[in-house]
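Visitor: My questions are about this predicted structure, shown below with the sequence.
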Amino acid sequence: MPHIEPRNPEHNPLYIIKKCQQEKRPVFIAGPMVRYSKLPFRSLVREYNTDIVYSPMILAREFVRNETARLSDFTTNNFDTPLIVQVGVNNVTDLLRFVEMIHPYVDGIGINCGCPIKEQTREGIGAALMSEPDLVANMVHAVKEKYGDKVTIETKIRIHKDLNETISFVKKVEAAGVDFITVHGRTRTTRSSIPANFDAIKLVKETVSVPVIANGDCFSLKDAYDIAEYTNCEGVMAVRGILANPTLFAGFDKATWGSIEKFWEYSTAYGLPFRLIQHHFSCMLDPQLPKALYKDMMDCKNLIELLDWFDDNFILKRSGEEGFGTAVEIQYRQQRTLHI
Ligand SMILES: Cc1cc2nc3c(=O)[nH]c(=O)nc-3n(C[C@H](O)[C@H](O)[C@H](O)COP(=O)(O)O)c2cc1C
């Protein structure tokens, strides 16, 4: 592990939630994404008004036992804050060892109680925990008993088919000392094409007194404000929306050219496998590019080809002020054929 500065108390999620309440706006959160929310992407979204950023889910069992897993799963630096690391865990012992190792490097720890992937649920991790409220409460309690206010702990849940179960779940977890709760407004079997259930999130908000973060279907800054207003939640978490448009919380309607350049910088400076870099660009550019050009990009086999593809197809035409997040137009070299 690298040397990391002591955490800034103003980067504690609870402090940020209070500050945003004073500013009369929701907290803007980039949620956990397996594979995607690595250091370069986290650094990118921080440039665009994101208050708190999550790591992908890290499996406690592997992390605490295996140095290679630690090195490949978690990279950070002094600018990677406010950061919540999300953990996939199914027992108190692994969680306490995980917290002991990681808490000096993060501003909060979130327990994943929503991942529906079978590989995880059959191990009792993720959404399997939705039917284990006592275990989740025990895990939260164990961390709070050992660390008190020194460690902020969150649980990210999905809703149950029977919302009475959700209510009883969040009450137990709150009584165990959880600091805040994120609710993804879908059950473990609801597809992401079905709209999130904001009434259920609102119900959780009415049930507990700890802060609640609403998750599901936030694709624009307007969505963030609308969701916060409807559910009365303290914050809004975006995931698919911010993957496609890392500038979402800064109010831009699609990934700006500035954000694309910035992602090049971060991913090459901090290191990210080529296929992952390409995937990020695919998410950011798919909604913006003509099909044939998009396919060319996806056909690139390595970083050099991808760089050449950018060089061949784009020239920068800056408008307005310089700087990241400012309005920047993309002009295609093949303008004649593409009519853009
Ligand atoms: C690529 C991808 C990876 C995800 N990885 C995680 C994860 O590691 N932990 C987690 O709790 N949820 C994960 N999720 C679920 C999201 O955090 C979120 O709850 C869900 O996508 C709904 O939010 P959205 O409508 O803003 O996308 C992932 C979702 C996507 C699309």
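Guide: On my side now, so go ahead.

Visitor: and the protein, what are its domains?
Guide: Annotated domains of the chain cover 9-250, 257-337 [automatic domain parsing].

Visitor: wait, which of the ones you listed is closest to the ligand?
Guide: Each of the domains of the chain has some distance to the ligand by CB to the nearest ligand atom; the shortest is domain 9-250, at 3.4 Å. For glycine as for every other residue, the C-beta is placed from the backbone atoms N, C-alpha and C.

Visitor: so does the closest one get close to the ligand?
Guide: Yes. Domain 9-250 reaches the ligand (CB under 6 Å from any ligand atom) through 31-34, 36, 56-57, 86, 112, 114-115, 156, 184, 215-218, 238-241.

Visitor: Please identify the deepest-packed of the domains of the chain.
Guide: domain 9-250 (a mean of 20; mean count of other CB atoms under 10 Å).

Visitor: hang on, the earlier thing: now go through the residues of domain 9-250 next to the ligand and say which are in helices.
Guide: Using DSSP state H, 240-241 are the members of those that sit in helices.

Visitor: I'd like the domains of the chain written out as TSV, with mean pLDDT added.
Guide: TSV is the format used below for the domains of the chain (pLDDT from 0 to 100):
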stretch	mean pLDDT
domain 9-250	97
domain 257-337	77
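
Visitor: list the contacts for residue 163?
Guide: 200, 203 (CB atoms under 8 Å, 6 or more residues apart in numbering).

Visitor: Span of stretch 247-261 from start to end?
Guide: 12 Å (CA to CA, to the nearest Å).

Visitor: roughly how far is that stretch from the heart of the chain?
Guide: 16 Å (CA atoms, centre = their mean, to the nearest Å).

Visitor: now swap in stretch 47-60 and tell me
Guide: With CA atoms, centre = their mean, you get 4 Å for stretch 47-60.

Visitor: mind listing which of the residues of domain 9-250 next to the ligand are in strands?
Guide: 56-57, 86, 112, 156, 184, 215, 238 (DSSP state E).

Visitor: Show me which of those residues is closest to residue 105.
Guide: The closest of these to residue 105 turns out to be residue 86 (CB to CB; 13.7 Å).
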